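1. Sequence first, predicted model second:
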Amino acid sequence: MGRSDEVIRKLDELVKSKSKIADYDELKSDIEWLKEYYEEESWNDVTRWLTNIDSTLRETFSQYMEAIKDIKK
């Protein structure tokens, strides 16, 4: 299994996890596009979607941390 396959597998695990705090809807969409372009070996698009996923993960984590702070208040 290559690194890209491993990244996709780990991302799939993340979005399948059950969290009442984190919203993975946008990430799910990003992963579907990533998978499509990966299967087509469209590497420029794969790179673009990995960048999108990076941004989505950062935003999701930020929202998650804000939700945790709100819960602790």
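-> Sure thing, it's come through.
2. any idea how far Asp45 is from Trp33?
-> Separation of Asp45 from Trp33 (CB to CB, to the nearest Å) stands at 8 Å. For every residue, glycine as well, the C-beta is placed using N, CA and C.
3. which parts of whichever strand or helix holds Val46 are buried?
-> Following DSSP states H and E, one finds Val46 within helix 43-72. Buried residues in helix 43-72, counted by 16 or more other CB atoms under 10 Å: 46, 49-50, 52-53, 56-57, 60.
4. just stretch 7-22 next, same as before
-> 8, 11, 14-15, 22.
5. Just give me the closest of these to Ile68.
-> Closest approach to Ile68 among those (CB to CB): Ala22, at 10.0 Å.
6. Quick check, the closest one in contact with Met65.
-> No - between Ala22 and Met65 there is no contact under CB atoms under 8 Å: 10.0 Å.
7. can you give me phi and psi for Leu34?
-> phi -60, psi -50 (degrees, to the nearest 10).
8. Leaving out chain neighbours, which residue sits closest to it?
-> Counting by CB to CB, 6 or more residues apart in numbering, Leu34 lies nearest to Trp49, which is 4.2 Å off, once chain neighbours are set aside.
9. got the contact list for the one you found?
-> 30, 33-34, 37 (CB atoms under 8 Å, 6 or more residues apart in numbering).
10. Need phi/psi at Lys18.
-> phi -100, psi 110.
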